[in-house]
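K.L.:
Next comes the sequence, and after it the predicted model I'd like to discuss.
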Amino acid sequence: MLKNETTNSSNQIERSSVTNNIRLWLLEHPSLNPYRFSLKRAYRTATNQIRLLPDFVVIGSSKSGTTSLHYYLLQHPSIIVERNVHFFEYMHNNSIEWYRGHFPTKIYKNFKKIIRKEKLIVGEQTATYLFHPLIPKRIHTTIPNAKLIVVLRNPVDRAYSNYQHQVREGIEKRTFEDAIKSELKRIEICKNNPEYKINNNDFNNHVVFSYLRHGIYVDFIKAWMKFFTKEQFLILPTYELNNNRVKFLKQVFDYLNVPNFEISDIVRQNVGEYKKLDKSTRKFLVDYYRPHNERLFKLLGKKFDWDQ
């Protein structure tokens, strides 16, 4: 039974992998995709030497409010942040010149500073960076002094939201309960057999069908802390973003060392609507995540209200 479940999951991953690879290849080959080509992209790449690298990176977590955070950050006059660049992930074969081309020039930063008397902070946000095992080293190699922002949602809610997203994309066909049962078995196999891999595709291996594993935040953050100091992280819970937006954003602005700013458009972004999680399933997941959450709280020296 496990073999069939694993085979079915692998087949789904393979199909989604092919689709993703074709889409991404077309996007990055403008001669075959004329809708993607623009003089703006060509100009930005050509002027990469005078362009900035990010001061900060929002590395996660996906399905945790990072789309809303990006929307709010864009409204601050001292912040420019590019979303879903994916350079350190599956765009890593592109050049650093390509990456620099996404960000403003040093000339513009000096203009803001000298003429407008304003500060400029540049950032990138790719919410799946948190989960990729190779990205901490990649970012540290390129921007070792970067500030890292992490937004963490109750892992139970994040898992269910991630599942619903995959259902909407047409990738996931199973019930949530069947999906997590299969994942629990795969996690156990990987734990007992370190060489075992469900799929060796660089992208799908850490994004697709990882509803439970991606909620064990402590393991991912520990991997990042091998390359970055604790002082380089700002780690906040999603419920503060939803329930006390002003306080949440002030912490972000203070961390980035920019003036506090009142956001005018506070509409939440990318909010999904789906039926409520079954109570017994929720209780199971709360119990499943409790020891992992306790390890996280010990590491961070603070506790989030997730035990419900």
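P.N.:
Looks like it arrived, so ask away. This structure is a prediction, so every number in the text was calculated from the model and none was measured.

K.L.:
For stretch 106-118, C-alpha coordinates in CSV please.
P.N.:
Only the C-alpha atoms of stretch 106-118 are listed here, as CSV (Å, rounded to 0.1, in the frame of the first residue of the first chain):
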residue,chain,number,x,y,z
LYS,A,106,23.0,53.1,-6.6
ILE,A,107,22.3,56.4,-8.5
TYR,A,108,18.7,56.3,-7.4
LYS,A,109,19.7,55.5,-3.8
ASN,A,110,22.0,58.6,-3.8
PHE,A,111,19.3,60.7,-5.4
LYS,A,112,16.9,59.7,-2.6
LYS,A,113,19.5,60.4,0.1
ILE,A,114,20.9,63.8,-1.3
ILE,A,115,17.9,65.4,-3.0
ARG,A,116,14.9,63.9,-1.2
LYS,A,117,16.6,63.4,2.2
GLU,A,118,15.1,59.9,2.3
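
K.L.:
For the residue most central in space within the chain, which residues are in contact?
P.N.:
The centre of the chain sits closest to residue 127, judged by Cα atoms, centre = their mean, with a distance of 1.2 Å. By Cβ atoms under 8 Å, 6 or more residues apart in numbering, the contact list for residue 127 reads 58-64, 66-67. In this view, the C-beta of every residue, glycine as well, is placed from N, C-alpha and C.

K.L.:
can you rerun that using 10 Å?
P.N.:
58-67, 69-70, 83-84, 150-151 (Cβ atoms under 10 Å, 6 or more residues apart in numbering).

K.L.:
likewise residue 215?
P.N.:
61, 63, 152-159, 162, 285, 288-289, 292-293, 306.

K.L.:
Apart from its chain neighbours, what residue comes closest to it?
P.N.:
residue 155 (2.8 Å; Cβ to Cβ, 6 or more residues apart in numbering).

K.L.:
That neighbour and residue 64: what is the separation?
P.N.:
Spatial separation of residue 155 from residue 64 under the definition Cβ to Cβ, to the nearest Å is 10 Å.

K.L.:
can you list residues touching both of the two?
P.N.:
What both residue 155 and residue 64 touch, as defined by Cβ under 10 Å, 6+ apart, is the set 214, 217.

K.L.:
Could you check how many residues crowd around residue 131?
P.N.:
22 (other Cβ atoms under 10 Å).

K.L.:
oh, I was asking about residue 224
P.N.:
Using other Cβ under 10 Å: residue 224 sits among 21 other residues.

K.L.:
Distance check, it against residue 131.
P.N.:
Plainly put, residue 224 is 11 Å away from residue 131 if you go by Cβ to Cβ.

K.L.:
For the two, list the residues in contact with both.
P.N.:
59-60.

K.L.:
Run the chain-centre distance for stretch 148-161.
P.N.:
Relative to its chain's centre, stretch 148-161 lies at 10 Å (Cα atoms, centre = their mean, to the nearest Å).
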